[in-house]
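# give me a 3D structure for the following:
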Amino acid sequence: MVPNVVQKGEVIAIDGEWWNSDPIKVEAEAKLSGGAPNVSDAFTINGQPGGSYNCSKSGTTNFSVEQGKNYLLRIVNAAVNNHLFFKVASHNLTVVAVDASYTKPYTTDILVLSSGQTADVLLTANQAEAKYYMTASVYTTQGFYDKTNTTAILNYVGSNSSATPIGLNIPEFNDTATLVKPCEAWLRRSIQWTYGHSSSLLLQHIRCLYHRLSFTSPVEFNYTGDVPNTLWAPICGTKVKVIEYNATVQVVFQGTNIFQSDNHPMHIHGYDFYIVGEGFGNYNESDHNPFNLVYPPLRNTVGVPVNGWVAIRFKADSPEFSCSIQKFYKFVKFDDVATTLDVSKGVLAERVPVGRDIGG
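Take a look at the predicted model:
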C-alpha cells in the first residue's frame with residue numbers, strides 16, 4: 001500500500017441507489033416507453049440514505065475512528081447509472097488503488113467514481129474529536145437526475161454523541177472542473193487541455209501500434225461542435241475488428257455532441273488498461289505528444305469526460321475469445337453500445353464477446 005503507514009482498521013462504503021418502487025418494474029416501464037428509466041428516489045451509503053431523510057435519520061451509517069489513527073476506506077460506486085462525488089468533511093483522502101489495481105498515491109479532498117468503479121483510499125483521523133459528514137452526490141450534465149445527496153457519519157471516539165456532525169460543501173451536479181481535478185493528479189504530466197463545446201455518444205478510433213491493421217476509421221466531423229441531424233442516426237449492425245495476439249492496442253474514446261452531451265463510463269471485458277491521455281474537445285494526432293507513458297494509471301473503467309476524449313492502451317494477450325467495449329449509459333438493454341475486438345491466435349472462429357449478451 002503506502003510504505004510506513006500503519007492501518008488501524010478498514011472501512012467499506014458502498015454507494016448505491018434506492019427506488020420507492022420495484023426496480024424491475026422501473027426497467028420494464030422504460031422498455032415499454034422507449035425512454036429513460038425513472039431516476040432513483042435516493043442515493044445510499046451502505047444501504048442508508050442518511051440524515052436528510054426522516055425515515056433513515058436514526059439509522060444513518062456510522063464509522064467509528066480513533067484520533068491519530070490511519071484507516072483504509074474501500075469505496076464502491078454501486079449506483080446503476082451515475083457518476084458520484086465522494087467527500088469526507090475536513091479530511092483529505094490519499095488514493096492508493098482504483099479498480100483493484102495499485103496506483104501512484106495522490107492526495108485529494110474529493111473522489112469521482114464512475115458506475116461500478118472502486119477506490120482504496122487512506123484516511124488519517126487527524127481532526128478534533130467530533131462527528132463529520134461523508135457524502136455522495138451525483139455528477140451529470142443531464143437535466144433529469146436524482147437530486148438527492150446521501151450522508152454517513154465519521155464518528156470520532158470520545159465525541160459528543162448528541163452533537164451535530166460537521167458539514168461540507170457539495171459540488172454542483174454539473175461541476176466538470178471538479179470532476180477533472182482528481183484526474184490531474186495522475187495525468188498532469190501529460191495532458192494539454194483543449195476545450196470544445198459538448199459531447200455525447202461515443203466513437204471508437206482504434207489503432208494497433210506494433211502490428212498495423214487495416215481498420216476502417218469512423219466518419220470524421222466536428223464531434224464536439226454543432227452536429228447536423230443527418231449524423232444522428234446510427235447504422236444498425238455488428239462489426240468485428242481482428243487484432244493479432246500480443247499486439248499493443250491504443251483506443252481513443254471520442255465524445256460527440258449528438259443528441260445530448262454526457263460523461264461516459266467505458267470498460268473492456270476481459271482487460272484492464274492504461275490511461276495514457278485525456279482532454280477536452282476533438283482528439284487529434286498532436287495530442288499524443290504529451291501522453292503519460294511513465295506512470296500511466298491502470299484501470300478497469302474510465303469516464304470519458306463531457307466535451308472530451310480519453311486515450312487508453314492495453315496488450316491483447318487474452319486469446320480464444322472476444323472482448324467487448326461497452327458503454328453503460330442506461331441499464332435498459334437496448335441503450336448499450338458495443339464494439340467487438342476479436343483477439344486472434346492463428347485460426348478465426350465464431351466467438352461470443354466476454355460479458356453479457358446485448359442482443360435483442
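# quick one: the helices in the stretch 101-250 of the chain, in order.
With helices called from DSSP state H, counting those that start in this stretch, the stretch 101-250 of the chain shows them at 176-187.
# show me the strands in it, by range?
Along the stretch 101-250 of the chain, the stretches classed as strands by DSSP state E, counting those that start in this stretch are 101-108, 111-113, 118-124, 131-139, 150-156, 202-208, 240-244, 248-255.
# just send those strands back as JSON lines, with mean neighbour count too.
From N, CA and C alone the C-beta is placed, and that goes for glycine too. Listed next are the strands of the stretch 101-250 of the chain as JSON lines, based on neighbours: other Cβ atoms under 10 Å:
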{"stretch": "strand 101-108", "mean neighbour count": "15"}
{"stretch": "strand 111-113", "mean neighbour count": "24"}
{"stretch": "strand 118-124", "mean neighbour count": "20"}
{"stretch": "strand 131-139", "mean neighbour count": "23"}
{"stretch": "strand 150-156", "mean neighbour count": "23"}
{"stretch": "strand 202-208", "mean neighbour count": "18"}
{"stretch": "strand 240-244", "mean neighbour count": "17"}
{"stretch": "strand 248-255", "mean neighbour count": "21"}
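# okay, these in a markdown table with distance to Gly34 and mean pLDDT next?
A markdown table is the format used below for the strands of the stretch 101-250 of the chain (distance: least, Cβ to Cβ, whole Å; pLDDT from 0 to 100):
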| stretch | distance to Gly34 | mean pLDDT |
| --- | --- | --- |
| strand 101-108 | 38 | 91 |
| strand 111-113 | 29 | 92 |
| strand 118-124 | 33 | 96 |
| strand 131-139 | 24 | 95 |
| strand 150-156 | 30 | 96 |
| strand 202-208 | 21 | 35 |
| strand 240-244 | 28 | 73 |
| strand 248-255 | 24 | 84 |
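# show me the shaky parts of the stretch 1-150 of the chain.
Low-confidence segments of the stretch 1-150 of the chain, defined by pLDDT under 70: 1-6, 143.
# re the thing from before, wait, which of the strands of the stretch 101-250 of the chain is closest to Leu168?
Across the strands of the stretch 101-250 of the chain, Leu168 has its closest neighbour in strand 131-139 (5.8 Å, Cβ to Cβ).
# helices or strands up against that closest one?
strand 42-45, strand 83-88, strand 150-156 (3 or more Cβ pairs under 8 Å, 6 or more residues apart in numbering; DSSP states H and E).
# let's have these in TSV, adding distance to Thr164.
What follows is these, written out as TSV (distance: least, Cβ to Cβ, whole Å):
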stretch	distance to Thr164
strand 42-45	18
strand 83-88	16
strand 150-156	10
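# which of those strands sits closest to Asn257?
It is, among the helices and strands packed on strand 131-139 and with distance given as Cβ to Cβ, strand 83-88, at 18.9 Å.
# list the contacts for Asn300?
Residues counted as contacts of Asn300 (Cβ atoms under 8 Å, 6 or more residues apart in numbering) are Asp99, Ala100, Ser101, Gln117, His267, Asp272, Phe273.
# for the fifth one, phi and psi?
Main-chain torsions, His267, degrees, to the nearest 10: phi -150, psi 170.
# what stretches of the stretch 151-300 of the chain score poorly on pLDDT?
180-218, 234-240, 287-289.
# go again using 50 as the cut-off
184-215 (pLDDT under 50).
# returning to what we had before: so which of the helices and strands packed on strand 131-139 gets nearest Ser64?
With respect to Ser64, and counting by Cβ to Cβ, the nearest of these is strand 150-156 at 5.1 Å.
# helices or strands up against that closest one?
So strand 150-156, by 3+ Cβ pairs under 8 Å, 6+ apart, packs with strand 42-45, strand 62-65, strand 131-139.
# out of these, which gets nearest to Asn174?
strand 131-139 (7.4 Å).
# centre of the chain to that closest one, how far?
Taking Cα atoms, centre = their mean, to the nearest Å, one finds strand 131-139 lying 17 Å from the centre of the chain it belongs to.
# got the angle for that strand vs strand 83-88?
170 degrees (axes from the mean of the first three to the mean of the last three Cα atoms, to 10 degrees).
# for strand 131-139, output the C-alpha coordinates as PDB.
As requested, C-alpha coordinates have been extracted for strand 131-139 and formatted as PDB (Å, rounded to 0.1, in the frame of the first residue of the first chain):
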ATOM      1  CA  LYS A 131     -18.600  13.900  14.100                       C
ATOM      2  CA  TYR A 132     -18.000  14.600  10.400                       C
ATOM      3  CA  TYR A 133     -20.300  14.000   7.500                       C
ATOM      4  CA  MET A 134     -19.300  12.000   4.500                       C
ATOM      5  CA  THR A 135     -21.400  12.300   1.400                       C
ATOM      6  CA  ALA A 136     -22.000  11.000  -2.000                       C
ATOM      7  CA  SER A 137     -23.700  13.200  -4.700                       C
ATOM      8  CA  VAL A 138     -24.300  12.900  -8.400                       C
ATOM      9  CA  TYR A 139     -22.300  14.300 -11.200                       C
END
